[in-house]
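Student: Give the three-dimensional model of this entry:
(one chain, ligands or ions: 1)
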Amino acid sequence: MSRIETLIGSMTLTEKLGQLTMTASSFTVTGPVIAGDSTQAIRTGEIGNLLNMVGAGPVRDLQRLAVEESRLKIPLLIGLDIIHGHRSLFPVPLAEAGVLDPALWEATAREAATEGAADGLALTFAPMLDVARDPRWGRTVEGCGEDPWLAAQMAMAKVRGFQGANLAARDSLAACAKHFVAYAPVMAGREYASVDVSERTLHEVHLPPFEAAVKAGVATIMPAFTDLAGIPMTAHAGLLRNWLRERMGFEGVIISDYNAIRELLNHGVAQDMPQAAALALNAGVDIDMMADGYRHGLPIALQRGLVSMQQIDTAVRRVLRLKEQLGLFEDPYGRCETREPQQRVARRRQLARTVGAQSLVLLKNERDVLPFGPALRRLAVLGPLADAAGEMRGPWWAAGVAEDQVSVLAGLRTALPQCEVSHAAGVAIDGQDTGGIGAALALCDAADGIVLCLGEAALMSGEAASRVDLSLPGAQQALATAVLRRAKQRGTPCAVVLFSGRPLTVAQLAQDCEALIAAWFPGCEAGHAVADVVLGKVSPSGRTVISWPRSVGQIPVFHGERRSGRPASPADRFTSKYLDSPNEPLFAFGHGLTYGRFRYSNLRVTPAAPTAGDTILVQVDLTNEGLRTARETVFVFTHDVVASVSPPLLQLAGFGRLELAPGGTGTVTVELSAARLRVLDRDLQPVFEPGAVEVLVGPRANRADLLVSTVQLRG
Ligand code: BGC
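Tutor: Below you'll find the predicted structure:
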């Protein structure tokens, strides 16, 4: 008999339920319930998995209790939310997605895994694959933006990066695709609220990233806290069991979210813990995180006949298999024994700087204000986010400590040793006190360049951080107005650097300033990354992977909208539009300028009449007509002209990149599988429908900026 079957054969019910239980330790608190000391419960086999534990020493101590002092000596599985780096933080996922480089996406996950594993961990609760189209929802920051295809690409890269080639390797972590599924469209953007999306939207938008993660071999999946049309995901047998397990063939471990099994009572679908636990187990949830519902509820559920021992064994088998795949039986202390060489840590920070700089999105650069020239003598670095190292981490920082982050002020001071770099915050991130604006203006008067750092505090986005007002918090708009007016009067170049975990509604700011960078939260090398771009050492290339609304009233605004029977027409009142706002977002999906200036020409799409098995070759020529070397990202969208179901206006199908020196010309080639042009018909079946499909190529999801060629699909 295999080790796993032998173990299952010799386990008591308590020990089995211990393997299905995950409890938090006290390193960090990520939910409303706090666990007590687990030491004794690990010895007795009542707790088999932990989260929120960090450090090779503490991990080894707890692991020893399990593998040396418990009866069956089964190792603990220990996890943490390593969302965008462990100790060395990379840009938040929303920012990193805009780098549009799968190799880099994978590289940062690999580094995060290596660093986390060296801290004793074997599991990360990442990547988050929720497709977010409502930036009121704070967790928008944890995902890859509004596009499902892009999220699927990032899902694959992240799973590869975290898990490496071999899960058992000492530097591999089991990944966790979360939150399954459709957590992002919570009602009115309000955290944890109910979700009600159509079957079609579920299949077109929310499921594809999870399908990609499963195909990439993701080891675990976490159901969302939310209900979908009345069925809490933690108890959603239709999606967990039928779709994920049976249709997708997912054989890994399903881990509930924090206390989510207990919350089935709050949802109003269970009367007591035994019933809640039975609902979750019946739906296919293997591990109960923090509810203690399996430990205390399943014995009673068994007596009531709500679950069977066979179901419990199946879940235990999956958990033990994962521990085996992670190499924990053979080498339970392996991950605590890795010593990371100093050069590796330094290389990781260098990578953080590279990705950080590439994730910055240059939203506006009138008169080529940026980059600032070498003649700079007195730079004023203003605003409440200028000297805010800890905020650079964004809302989910794993083991990253505030002191390890480089602020913008520190980054610019290091980059400009000959320049006098002064600083005033002007106002706080939040609050109405404008008393410091005068001091900021005084620095403007003495400066020949200004960098104004505005935006959200890290914890204004992330979990439990929904907002209804997405304008600049506190008195920051007043500071911006005053500084920009003064800069204009004096002719001093000023760049605004905006930090946030979501797009903000900054139409006024965008209009008033000459240069605007969306920096999101760039991670530990933030200040160096910003300095690299502001001073022109790096030509910006990041793109926004989410549309920026002009106002909250426009939400949701995204590029994959359908046409409507009355598409907007300025000449016709009775068409789909607002009386008081354009339909278009302030900045479209994909927007992001460079220090070059790219002209697109000569779009070729072959074959002209593809069949479902063909690969379509999309080629476009680029010329850099600007004065600086720059890297351009080219997007390929498709639009089905007539289909059995009203098609989206633009559907992202691919992207390519090219770096060109001034005056240089080159060709970007993107290959698409024609099968991707299938539509989900009225029965949600993928069909390849003959007829015309437009292929649109350009820098952002705005039809006016795209070259178009039409192919005829052949059946
Ligand atoms: C979050 C998850 C996270 C878990 C563990 C929950 O509150 O929703 O994303 O993985 O806590 O920290």
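
Student: For this structure, which residues are neighbours of the ligand?
Tutor: Residues of the chain found near the ligand (C-beta under 6 Å from any ligand atom) are 30-31, 51, 81, 125, 178, 257-258, 463. C-beta here means a position set from N, CA and C on the backbone, and glycine is covered the same way.

Student: Apply 8 Å and report the result again.
Tutor: 24, 28, 30-31, 51-52, 79-81, 125-126, 128, 139, 142, 176, 178-179, 222, 225, 257-259, 289, 463 (C-beta under 8 Å from any ligand atom).

Student: okay, now the closest residue to the ligand within the stretch 301-450 of the chain: neighbour count?
Tutor: At 8.4 Å from the ligand, Trp396 is the closest residue in the stretch 301-450 of the chain, using C-beta to the nearest ligand atom. By other C-beta atoms under 10 Å, the residues close to Trp396 number 29.

Student: got the contact list for the residue lying closest to it once chain neighbours are set aside?
Tutor: Excluding the flanking residues, the one nearest Trp396 by C-beta to C-beta, 6 or more residues apart in numbering is Ile83, at 4.4 Å. By C-beta atoms under 8 Å, 6 or more residues apart in numbering, Ile83 lies in contact with 92-93, 124-126, 128, 142, 396, 398.

Student: What is the nearest of these to the ligand?
Tutor: Looking across the contacts of Ile83 and measuring by C-beta to the nearest ligand atom, the closest to the ligand is Phe125, at 3.3 Å.

Student: What pLDDT does the model give Ala375?
Tutor: Ala375 carries a pLDDT value of 88.

Student: Over to Arg339?
Tutor: 81.

Student: Next: Asn583.
Tutor: 97.

Student: Spit out the contact partners of it.
Tutor: 554, 557, 568, 576-577 are the contacts of Asn583 under C-beta under 8 Å, 6+ apart.

Student: Emit the PyMOL select command for whichever of these are buried.
Tutor: Entered in PyMOL, the line below selects the buried ones among the contacts of Asn583, by 16 or more other C-beta atoms under 10 Å:
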select buried, resi 554+557+577
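
Student: could the contacts of Asn583 go into CSV alongside secondary structure?
Tutor: Below are the contacts of Asn583 laid out as CSV (DSSP: H, G, I helix; E, B strand; the rest coil):
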residue, secondary structure
Gln554, helix
Val557, coil
Ala568, coil
Ser576, coil
Lys577, coil
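
Student: out of the contacts of Asn583, who's nearest the ligand?
Tutor: Val557 (25.8 Å).

Student: ok, now how distant is Met289 from Ile74?
Tutor: 18 Å (C-beta to C-beta, to the nearest Å).

Student: With Arg700 instead?
Tutor: Distance from Arg700 to Ile74, by C-beta to C-beta: 52 Å.

Student: which of those two has more neighbours?
Tutor: Ile74 (24 against 21).

Student: Surely the more buried one forms part of a strand?
Tutor: No - assessed with three-state DSSP, Ile74 is coil; it does not lie in a strand.

Student: what's the distance between it and Leu80?
Tutor: 20 Å.

Student: count of neighbours near Val641?
Tutor: 11.

Student: Please apply the same query to Glu69.
Tutor: Considering only other C-beta under 10 Å, Glu69 is surrounded by 13 other residues.

Student: need the contact list for the nearest residue to Gly145 once chain neighbours are set aside.
Tutor: Spatial nearest neighbour of Gly145, excluding adjacent residues (C-beta to C-beta, 6+ apart): Val545 at 3.1 Å. Val545 makes contacts with 94, 97-98, 144-147, 150, 589-590, as judged by C-beta under 8 Å, 6+ apart.

Student: Let's see that with 10 Å instead.
Tutor: Applying C-beta atoms under 10 Å, 6 or more residues apart in numbering to Val545 gives the contacts 93-100, 132, 143-147, 150-151, 154, 361, 589-590, 592, 652.

Student: Can you flag which of those residues belong to strands?
Tutor: Applying DSSP state E to the contacts of Val545, the entries found in strands are 361, 652.

Student: Which among the contacts of Val545 count as buried?
Tutor: So, by 16+ other C-beta under 10 Å, the buried ones in the contacts of Val545 are 93-100, 132, 143-147, 150-151, 154, 361, 589-590, 592, 652.

Student: Run a quick neighbour tally on Gly31.
Tutor: With other C-beta under 10 Å as criterion, Gly31 counts 18.

Student: Could you pull up phi and psi at the closest residue to it other than its chain neighbours?
Tutor: Spatial nearest neighbour of Gly31, chain neighbours left out: Tyr258 (3.5 Å); criterion: C-beta to C-beta, 6+ apart. As for Tyr258, its main-chain torsions (degrees, to the nearest 10) stand at phi -60, psi 110.

Student: Likewise for Glu420?
Tutor: phi -90, psi 110.

Student: my read: it touches Leu412, true?
Tutor: No - between Glu420 and Leu412 there is no contact under C-beta atoms under 10 Å: 11.2 Å.

Student: more neighbours, these two?
Tutor: Leu412 (26 against 14).

Student: mind listing what the more buried one touches?
Tutor: Counted by C-beta under 10 Å, 6+ apart, Leu412 has contacts 372, 376, 379, 381, 386, 406, 419, 421, 423, 449, 451, 527-528, 530-531, 534-535.

Student: mind checking the SS state of it?
Tutor: Relying on three-state DSSP, one would call Leu412 helix.

Student: Alright, calling it a day.
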